[in-house]
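> Sequence first, predicted model second:
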Amino acid sequence: MPTVMLTTKCPNSCEWCFARAKMEAYRARGIEEMSWEDFLAVVSFYEKSGLNHMILLGGEPTLHSRFEDILELLGSRNFTVLVVTNGLCEKTLVDNLVRKKIPGVEFGVNTTPYFHYPADTRVKADYFMSRINYPVFLSYTVTADDLRAGSVHPLLDRISMIMNFGLTRHLHFQIAVPARENTGYVSFEDYGAVLQLLVRWSKILRKNGISTGLDCHSIPKCFLKNIENAPFAFRSKCEDFVIDIGPCLEAWPCFPLSEHSCNLSQFEKLGDVRKCFSKVGSCEAIIYEECCSECESRMDGTCDAGCRGFQILRSRALLSARSGGKDQAGVMEYWNSGIVGNNLQWQRGETSTGDLKSFGFGRTRFPYTF
């Protein structure tokens, strides 16, 4: 299912935000939101593709100058809509939406930074959650801090919010992933610990009559071996990339590979876009970790060894290093972000550049020369 990036601005500045670099690149070009004409083209593309459900993202989608018009148009076309928001809306917008009661609209509020807001900011979020007369569920991004603390307090806080504001009894999880210019993410080798944390939290949620869900994270099968009574269906293979559509009708195959964009106007239907990006997202481009090299699940195609998009990014950086470091800045960027791992299996090649210290990384030597 495609998502639509309505705006490139956000009142928050979450350290773990994987979309930060993309939004900054748009703003550097003077682009803060999708134009009305381009949004109409997106709606037409959805309808030609037989789609009638739209996910609106940002930035913060409610900051779009024609946000109400967008929801009204989608309602008139019998779309269902999920608005992914932080709930920091102006009172006038909330009151207008309450009055109009547009059919088919649901809000998902990411509350990860909620308890770090100053008082006047939290008042905005509280007004939205207490006043809006649409279905609202909460979401939460699991970060490195959550793993270090291992506490149930973030969970108990959200249960309290659900009850106090009378929200949909559902809590949706994301896992903070490494990307360009972000911090606070969960390293891929820590996904086993994340799963244990989510299982423990989900048991508490179920006891309180609250369902759970997880975003499109591909979890290596080896991390799932010791997981019993999983709270949601984990997947280990990325069957189809989420297609993101941004301002200027740029489309890309999920944020990790957003540099591979094309213009939506070139295509008639969603299937044409997927076909265009199929080579970009091929698992043939991945250099797998040594521990995955002989894995039966990887070889039989049932496991991508984690998020395929980030695996491809990491592999490109490593290939650049192997070829003599023609893109040293790119290698450095991915190494420092945690996308490049320490334990990779390299085929021995003619090129030998020693260890990564020659690139200024100052980290441990790879197990093979390259």
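Here it is on my side, so go on.

> What residues of stretch 122-142 count as buried?
124-129, 132, 134, 136-142 (16 or more other Cβ atoms under 10 Å). Yep, even glycine has a C-beta here, placed from its N, CA and C like the rest.

> Filter these down to the ones in strands?
Counted as lying in strands by DSSP state E, out of the buried residues of stretch 122-142, are 136, 137, 138, 139, 140, 141, 142.

> Now the fourth one. Nearest residue, chain neighbours left out?
Put plainly, it is residue 139. residue 172 (4.1 Å; Cβ to Cβ, 6 or more residues apart in numbering).

> On the strand side of things, show who the one you found bridges to.
residue 139, residue 213 (DSSP bridges).

> dump the residue contacts of it.
108, 137, 138, 139, 140, 212, 213, 214, 215 (Cβ atoms under 8 Å, 6 or more residues apart in numbering).

> one more time with 10 Å
Shown in contact with residue 172 (Cβ atoms under 10 Å, 6 or more residues apart in numbering): 84, 108-110, 137-141, 211-215, 232.

> which of these sit farthest apart?
Largest separation among those by Cβ to Cβ: 109 and 232, giving 19.3 Å.

> now the longest helix along the chain, how far from the chain's geometric center?
With secondary structure taken from DSSP state H, the chain has its longest helix at helix 191-207. For helix 191-207, the separation from the chain centroid amounts to 20 Å (computed by Cα atoms, centre = their mean, to the nearest Å).

> quick revisit: for residue 256, state which of the ones in strands among the buried residues of stretch 122-142 is nearest.
Once Cβ to Cβ is applied, the member of these that ends up nearest residue 256 is residue 141, at 16.2 Å.

> what about that closest one, distance to residue 197?
13 Å (Cβ to Cβ, to the nearest Å).

> joint contacts of the two?
In contact with both residue 141 and residue 197: 173, 186, using Cβ under 10 Å, 6+ apart.

> between residue 109 and residue 232, which one's more packed in?
residue 109 (24 against 14; other Cβ atoms under 10 Å).

> Tell me the pLDDT of the closest residue to residue 241 other than its chain neighbours.
With Cβ to Cβ, 6+ apart as the measure, residue 253 is the residue that lies nearest to residue 241, at 4.1 Å, once sequence neighbours are left out. With respect to pLDDT, residue 253 scores 85.

> likewise the one 10 residues further on?
Residue 263 carries a pLDDT score of 95 in this model.

> now swap in residue 146 and tell me
The model's pLDDT for residue 146 equals 95.
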